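*Asks:* got a sequence here, can you build the structure:
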Amino acid sequence: MTSSSVCTDVLIIGCGAAGLSLALRLADVARVIALAKGPSHEGSTYYAQGGVSAVLDAADSIESHAHDTMVAGAGLCHPDAVQFTVEHGPAAIRWLSERGVPFTMEPSVEGSADYHLHREGGHSHRRIVHAADATGRAIQLTLEQRAREHPRITLHDHYSVVDLIVSRKLGLEGNRCLGAYVLNRESGRVEVIAARFVVLATGGASRVYLYSSNPDGSTGDGIAMAWRAGCRVANMEFMQFHPTCLYHPQAKSFLISEAVRGEGGVLLLPDGSRFMQNFDPRQELAPRDIVARAIDHEMKRLGAECLYLDISHKPA
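*Replies:* Presented below is the predicted three-dimensional model:
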């Protein structure tokens, strides 16, 4: 095993929506290298279906979106972070549209085109912008294409980061990140990438659980790297599980979009009766944690292998 080294302005570890968006925003003023430990499109972004929430309807408001978010977070969210996120949501959607993301549109009363909005759990208004039923795929592929076209962005697939390079481990003063040791999984070589700035955009760690709608790469690498480098890590207990995946005893499950419930789909017990009314007045439109706990409770109570999601009462 041999090693080589390269230097850049910004090293971004992760090539999902967060990593690629940042790369595109920084590339006009800096040289950027972005790494994916598998194919670039194999992160969680690609598999997201339902859409992205933002206040784009005149009947909606920033205050309502912030309130819905705080309620869904059981009051544990940081209000300043919530406010910042919802205030910048509309601009983020417009930025993605300008990059070429093909969001689904509908005619407006004035004859122009508006974003088609649907509703998901925890939201009191229709504010989910989507690209048909494969929003994450559309965002991922569009941003990846724009990044590969940019002369100051280099994307590397199949690169696993071994660890961050921090000054204190080199016997230098301070505790600054100087780059990363990375394994080129195709060549088998360990490479050194030195960078003025290092960004972790590595996603979550849901694959530590047996059942998850996240892809196999969601193994918490970035969180572990940050911890080893001396960063504080907090709120690790807050893992979100998508309530609905297709169940098959001999096959890997896959996500069923929350938009199904947003458009009227109902959850049923094996005997065909509904049960969400016993857990929350919003029923199937309750936040994901409530719906997931309700499904888990009923499966354990009944000893059932699965429950059912029915939208057969809606026209195709």
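
*Asks:* how close does the residue of the chain most remote from its centre get to residue 206?
*Replies:* For the chain, the largest distance from the centre (Cα atoms, centre = their mean) belongs to residue 171, which lies 36.8 Å off. Using Cβ to Cβ, to the nearest Å, residue 171 is found at 37 Å from residue 206. Bear in mind the C-beta positions are built from the backbone N, C-alpha and C, glycine included.

*Asks:* also residue 46?
*Replies:* For residue 46 relative to residue 206 (Cβ to Cβ), the value is 15 Å.

*Asks:* and residue 134, by the same measure?
*Replies:* Distance from residue 134 to residue 206, by Cβ to Cβ: 20 Å.

*Asks:* wait, what's in contact with the residue most central in space within the chain?
*Replies:* Taking Cα atoms, centre = their mean, the centroid of the chain lies closest to residue 45, which sits 5.1 Å from it. Residues in contact with residue 45, defined by Cβ atoms under 8 Å, 6 or more residues apart in numbering, are 16-17, 136, 139-140.

*Asks:* go on, residue 295?
*Replies:* Counting by Cβ under 8 Å, 6+ apart, residue 295 has contacts 243-244, 267, 307.

*Asks:* cool, residue 248 as well?
*Replies:* Counted by Cβ under 8 Å, 6+ apart, residue 248 has zero contacts.

*Asks:* report the longest helix in the protein, please.
*Replies:* Across the chain, the longest stretch assigned as helix under DSSP state H is helix 79-99.

*Asks:* buried residues, that one. List them.
*Replies:* 82-83, 85-86, 89-90, 93, 96, 99 (16 or more other Cβ atoms under 10 Å).

*Asks:* residues in contact with stretch 208-223?
*Replies:* Taking Cβ under 8 Å, 6+ apart as the rule, stretch 208-223 contacts 13-14, 37-38, 42-44, 46-47, 160-161, 200-207, 233, 236, 239, 241-242, 245, 253-255.

*Asks:* any quick ChimeraX command for the buried ones out of the residues you listed?
*Replies:* Per 16+ other Cβ under 10 Å, the buried members of the contacts of stretch 208-223 correspond to this ChimeraX selection:
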select :13,14,37,38,42,43,44,46,47,160,161,200,201,202,203,204,205,206,241,242,245,255
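
*Asks:* please narrow the contacts of stretch 208-223 to those residing in strands.
*Replies:* 13, 160-161, 200 (DSSP state E).

*Asks:* farthest-apart pair in those, please.
*Replies:* Maximum pairwise distance among the ones in strands among the contacts of stretch 208-223 (Cβ to Cβ): 13.9 Å, between 160 and 200.

*Asks:* follow-up on the earlier one: turn the contacts of residue 295 into JSON lines, columns for pLDDT and neighbour count.
*Replies:* Listed next are the contacts of residue 295 as JSON lines, based on pLDDT from 0 to 100; neighbours: other Cβ atoms under 10 Å:
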{"residue": "243", "pLDDT": "91", "neighbour count": "26"}
{"residue": "244", "pLDDT": "93", "neighbour count": "22"}
{"residue": "267", "pLDDT": "98", "neighbour count": "20"}
{"residue": "307", "pLDDT": "97", "neighbour count": "19"}
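
*Asks:* got a markdown table for those residues, with distance to residue 188 too?
*Replies:* Below are these laid out as a markdown table (distance: Cβ to Cβ, whole Å):
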| residue | distance to residue 188 |
| --- | --- |
| 243 | 41 |
| 244 | 40 |
| 267 | 48 |
| 307 | 46 |
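
*Asks:* out of those residues, who's nearest residue 297?
*Replies:* residue 307 (10.5 Å).

*Asks:* how far away is the closest one from residue 274?
*Replies:* 10 Å.

*Asks:* would you state the strands of the stretch 101-250 of the chain in chain order?
*Replies:* 105-107, 113-115, 117-118, 128-129, 153-156, 159-166, 177-184, 189-200 (DSSP state E, counting those that start in this stretch).
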